[in-house]
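**Q** Here is my input; please provide its structure:
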Amino acid sequence: MIREKAKAKINLTLDVLYKRPDGYHEVEMVMQTVDLADHLVFEAREDDHITLSCGVSYIPLDCRNLVYKAAVLLRERFGIRKGVHIAIDKQIPVAAGLAGGSSDAAATLRGLNRLWELGLTPDELAQLGAEIGSDVPFCVYGGTAIARGRGEMIERLPAAGPLWVVLVKPPIAVSTADVYRNLKVDEIVIHPDANGMAQALRTGDVERIVSHLGNVLEQVTFRLHPEVARLKQQMVKFGAMGALMSGSGPTVFGITDRESRAQRVYNALRGFSKEVYLTRFL
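**A** Just a heads-up that it's a prediction; the model follows:
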């Protein structure tokens, strides 16, 4: 039996540079792992089947699940004839902009690499992860990094200081496809400064980290779902040093430099949303 944690991520910056000829968007993102995770358990089966189980009833347990795709990819690529059962304990909100599915896929690559004794390096696992989804390569490594290209080009950064993060997911579903469909790349006026954020993280300057937060998808999601914008305003009103939507949303996060301050923000937001999480940078 093998166990793996699949950690959530937030986007400290998210920029979309242009649409590529292959249909993907060229992005530049500073990504940060936080202390909120799903837990996956891998057990060898006597037969050659891949099976999944999960306590969340609406999560598909077939080829639509990135965990299943990751297992199939590894097995086919390396000619594995063995089966596996993968139990997923979901703690990361689903469809929230926190890369829960991608992180589960990355954990599957790591877990099956161990269970099947493939001996693959993290770089090799990340390359495989790029075939599954744009956020998977970062999730293979975790920590802090700049992701470029479709998300598969990872430049790792030193860990930032002990910063606290409050996450709030409003009870709405946001379609990433709809957000990108409504994004007009040529009309983006202000682009987040990923290099400036990277320098702020290297020096541990919390004020500069907060001042460099930026996500070009925010305004698109805010137009489609104004309640997300109101949630960001509440986050700052209740004491967060800075707040931002993660990914294409709808989760909004706030950063503080002290646990006690984060606890106050967390307590205040509990009156507005059921899905509030107090966590920290990893």
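**Q** Would you point out the helix or strand in the protein whose mean pLDDT is lowest?
**A** helix 176-182 (a mean of 91; mean pLDDT, DSSP states H and E).
**Q** tell me the mean pLDDT over the host helix or strand of Ala145?
**A** Under the criterion of DSSP states H and E, Ala145 resides in strand 144-149. Averaged across strand 144-149, the pLDDT comes to 97.
**Q** After it, which helix or strand is next?
**A** Assigned by DSSP H and E, the successor of strand 144-149 is strand 153-157.
**Q** Determine the set of other helices and strands touching that next one.
**A** helix 136-141, strand 144-149, helix 194-203 (3 or more CB pairs under 8 Å, 6 or more residues apart in numbering; DSSP states H and E). Backbone N, C-alpha and C define where each C-beta goes, glycine included.
**Q** Mind doing that once more with 10 Å?
**A** With contacts defined as 3 or more CB pairs under 10 Å, 6 or more residues apart in numbering; DSSP states H and E, the packing partners of strand 153-157 are strand 25-45, helix 122-129, helix 136-141, strand 144-149, helix 194-203.
**Q** what's the closest of these to Val94?
**A** Smallest distance to Val94 across the helices and strands packed on strand 153-157 (CB to CB): 10.1 Å, for strand 25-45.
**Q** Tell me how far the closest residue to Val179 other than its chain neighbours lies from Thr221.
**A** In space, and not counting its chain neighbours, Val179 is closest to Ser248: 4.2 Å by CB to CB, 6 or more residues apart in numbering. Relative to Thr221, Ser248 is positioned 6 Å away (criterion: CB to CB, to the nearest Å).
**Q** Now do the shared contacts for the two.
**A** The contact sets of Ser248 and Thr221 overlap at 97, 174-176, 178-179, 183, 215 (CB atoms under 10 Å, 6 or more residues apart in numbering).
**Q** Those, buried ones only, as a PyMOL selection?
**A** The buried residues among these can be selected in PyMOL (16 or more other CB atoms under 10 Å) with this line:
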select buried, resi 97+174+179+183+215
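**Q** Nearest to Val34 among the shared contacts of Ser248 and Thr221?
**A** Closest approach to Val34 among these (CB to CB): Gly97, at 12.3 Å.
**Q** Secondary structure class of that closest one, three-state.
**A** Following DSSP: H, G, I helix; E, B strand; the rest coil, the label given to Gly97 is coil.
**Q** Could you measure from the nearest residue to it once chain neighbours are set aside over to His85?
**A** Once flanking residues are discounted, Gly97 sits nearest to Gly247: 3.1 Å by CB to CB, 6+ apart. Separation of Gly247 from His85 (CB to CB): 30 Å.
**Q** The two - which one has more neighbours?
**A** Shown here are Gly247 and His85; by other CB atoms under 10 Å, Gly247 has more neighbours (24 against 15).
**Q** Contacts only, for the more buried one.
**A** Gly247 neighbours (CB under 10 Å, 6+ apart): 9-11, 14, 29, 31, 95-99, 135, 174, 176, 179, 215, 217, 221.
**Q** swap in Lys19?
**A** Here Lys19 is in contact with 25-26, 180, 183, 185-186 (CB under 10 Å, 6+ apart).
**Q** again, but for Leu74
**A** Leu74 neighbours (CB under 10 Å, 6+ apart): 80, 84, 108-109, 111-113, 115-116, 118, 120, 125, 128.
**Q** which of these tops the neighbour count?
**A** Thr108 leads the contacts of Leu74 on contacts (other CB under 10 Å) with 31 neighbours.
**Q** for that residue, phi and psi?
**A** Dihedral angles of Thr108 (phi, psi; degrees, to the nearest 10) stand at phi -70, psi -40.
**Q** thinking it is in contact with Trp116, fair?
**A** No - applying CB atoms under 10 Å, one finds Thr108 not in contact with Trp116, separated by 11.4 Å.
**Q** Between the two, which contacts overlap?
**A** With CB under 10 Å, 6+ apart as the test, Thr108 and Trp116 both reach 42, 71, 74, 84.
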